[in-house]
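Enquirer: Have a look at this prediction, sequence included:
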Amino acid sequence: MLPVAFSRFPPPFRDERQELVTAIETLRLRWGWLLALGLASAGLGIVALILVASATIASVYTIAIFMILVGGGDIALALGAQTWGRFFFWVIAGVAYIAAGSFALAQPLVAAAAFTLLLAAGMIATGTFRLFLGANLDPPLRGPVIFAGALTLLIGVLILAGWPENRFWVLGVLLGLDLFFWGMAWSALALRLRQP
């Protein structure tokens, strides 16, 4: 029987508990960096909440740049397509993304209105789905899922009810809140890791 060397291959069964301990110990050594990241993110969130219109424009620009990059990726995929149908599909999709992203860069306030409307529609759809899902769950999970669904649906309806006047601040407020709470979570984790 030939010996088999497993040193180059991962073991067949992973020790997930040991991997978690190793990850926590690695993060514990870098708790200061995590704290700095968290405080910077929370600070940027506060700035975004103060300069909400600028944060909305920054959100639109970010989305527009990603749309242009995705459009370029679609066109690059088209070059490797095996059939003409797929080639034209990828090119049309890529051109549409680039055109929409370019329009958003050129007209950020119009794009903010469109993105806000899409956000409201998405939240209404998500909230409705969560309510349906929660109603079909067992009691321990039913309450939190229904609560999350109702909250998401309510926020979507409120955004839709205030549209298009709220296009100047909705995206900025959501960006600011996301940055702030994400930063606070990182800061709390860093302070927790600092303790022995």
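Expert: Arrived safely, thanks for sending.
Enquirer: What segments of this protein are strands?
Expert: Counting by DSSP state E, one finds no strands in the chain.
Enquirer: Need the contact partners of the lowest-mean-pLDDT helix or strand in it.
Expert: Least confident helix or strand of the chain, by mean pLDDT, DSSP states H and E, is helix 16-29 with a mean of 77. Applying C-beta atoms under 8 Å, 6 or more residues apart in numbering, the contact partners of helix 16-29 are 34, 189, 193-194. (Glycine included, C-beta is placed from N, CA and C.)
Enquirer: same deal with stretch 139-155?
Expert: 123-124, 126-135, 137.
Enquirer: buried sites along that stretch?
Expert: Residues 145-146, 148-149, 152-153, 155 are the ones in stretch 139-155 that count as buried (16 or more other C-beta atoms under 10 Å).
Enquirer: Please name the residues that touch the residue most central in space within the chain.
Expert: Note on the chain: the residue nearest the mean C-alpha position is Asp178, at 9.4 Å, using C-alpha atoms, centre = their mean. Contacts for Asp178 (C-beta under 8 Å, 6+ apart) come out as Gly45.
Enquirer: Same check on Gly176?
Expert: Shown in contact with Gly176 (C-beta under 8 Å, 6+ apart): 45-49, 52, 55.
Enquirer: distance of it from Ile50?
Expert: 8 Å (C-beta to C-beta, to the nearest Å).
Enquirer: that older thread, of the buried residues of stretch 139-155, closest to Phe87?
Expert: Proximity of the buried residues of stretch 139-155 to Phe87 (C-beta to C-beta) peaks at Thr152, which lies at 39.4 Å.
Enquirer: Show me what counts as buried in stretch 21-31.
Expert: Within stretch 21-31, the residues that count as buried by 16+ other C-beta under 10 Å are Trp31.
Enquirer: Check the offset of it from the chain's centre.
Expert: On the basis of C-alpha atoms, centre = their mean, to the nearest Å, stretch 21-31 sits 25 Å off its chain's mean C-alpha point.
Enquirer: Stretch 106-113 now?
Expert: Stretch 106-113 sits 20 Å away from the centroid of its parent chain (C-alpha atoms, centre = their mean).
Enquirer: looking at it, Gly43 is touching Trp182, isn't it?
Expert: No: between Gly43 and Trp182 no contact is recorded; they are 11.9 Å apart, counting by C-beta atoms under 8 Å.
Enquirer: Looking at those two, which is more packed in?
Expert: Taking other C-beta atoms under 10 Å, Gly43 and Trp182 do not tie; Trp182 has more neighbours (16 against 13).
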